[in-house]
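Q: fold the following, please.
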Amino acid sequence: MEFVTSQKGIDFIRSYESLRLKAYDDSTGVWTIGYGHTAGIMPDMTITESQAVDYFKTDLKSFERSVNKYVVVPITQNMFDALVSFTFNLGAGTLKRSTLLKKLNRNDIDGAAAEFDRFIYAGGKIMRGLVRRRAAEKEIFLNGNYLNN
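A: Below you'll find the predicted structure:
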């Protein structure tokens, strides 16, 4: 069965990505715009809110495909939403190479959940926003609680 992100999952991701209509450096040298869109973004680029929504929808579908492809064990909707948020933030390659995915695909749910806590760094520094996001993703993953953001 192919999952799609629930509305609660979409709202969660957008709450962490926030809308930026002018390109910005995400603190790691990656130019970003809209709701966390990075492909082809240049400094001084601007977009409309409508373009940001279009980018978000396209990016979301791409990350949904990746999660559906790489997860080979049965999961719940809330687990899927948490994994899409994680992948939206860190990229499909990070998910594919992660111990989180390896543990999940061995049905080690608690072990996989514990791995969220490792992805709290940007530019070699612990980022409070990433600590909050990973804790919230972990709560969604384990308990389906989307309110912890």
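
Q: phi, psi of the residue lying farthest from the centre of the chain?
A: Relative to the C-alpha centroid of the chain, counting by C-alpha atoms, centre = their mean, residue 44 is the outermost residue, at 25.0 Å. Torsion angles at residue 44 (phi, psi; degrees, to the nearest 10) stand at phi 70, psi 0.

Q: count of neighbours near the nearest residue to it once chain neighbours are set aside?
A: What sits nearest to residue 44 in space, not counting adjacent residues and going by C-beta to C-beta, 6 or more residues apart in numbering, is residue 23, at 6.5 Å. Backbone N, C-alpha and C define where each C-beta goes, glycine included. Residues near residue 23, counting by other C-beta atoms under 10 Å, number 18.

Q: confirm residue 23 sits in a strand?
A: Yes - counting by DSSP: H, G, I helix; E, B strand; the rest coil, residue 23 is part of a strand.

Q: hang on, it packs against residue 46?
A: Yes - Residue 23 is within contact range of residue 46, at 7.2 Å (criterion: C-beta atoms under 8 Å).

Q: identify the contacts common to these two.
A: The contact sets of residue 23 and residue 46 overlap at residue 33 (C-beta atoms under 8 Å, 6 or more residues apart in numbering).

Q: what about the helices in this protein?
A: For the chain, the helices defined by DSSP state H cover 7-17, 49-70, 77-90, 92-97, 99-104, 109-115, 128-143.

Q: helices and strands around the first one, which ones?
A: Right, the one you point to is helix 7-17. Judged by 3 or more C-beta pairs under 8 Å, 6 or more residues apart in numbering; DSSP states H and E, helix 7-17 is in contact with helix 49-70, helix 77-90, helix 128-143.

Q: count of neighbours near residue 72?
A: The number of residues packed near residue 72 is 10, by other C-beta under 10 Å.

Q: what do you get for residue 86?
A: Neighbour count of residue 86, defined by other C-beta under 10 Å: 27.

Q: do you know the pLDDT at the nearest residue to residue 137 once chain neighbours are set aside?
A: Closest residue in space to residue 137, ignoring its immediate chain neighbours: residue 82 at 4.5 Å, by C-beta to C-beta, 6+ apart. Per-residue pLDDT puts residue 82 at 98.
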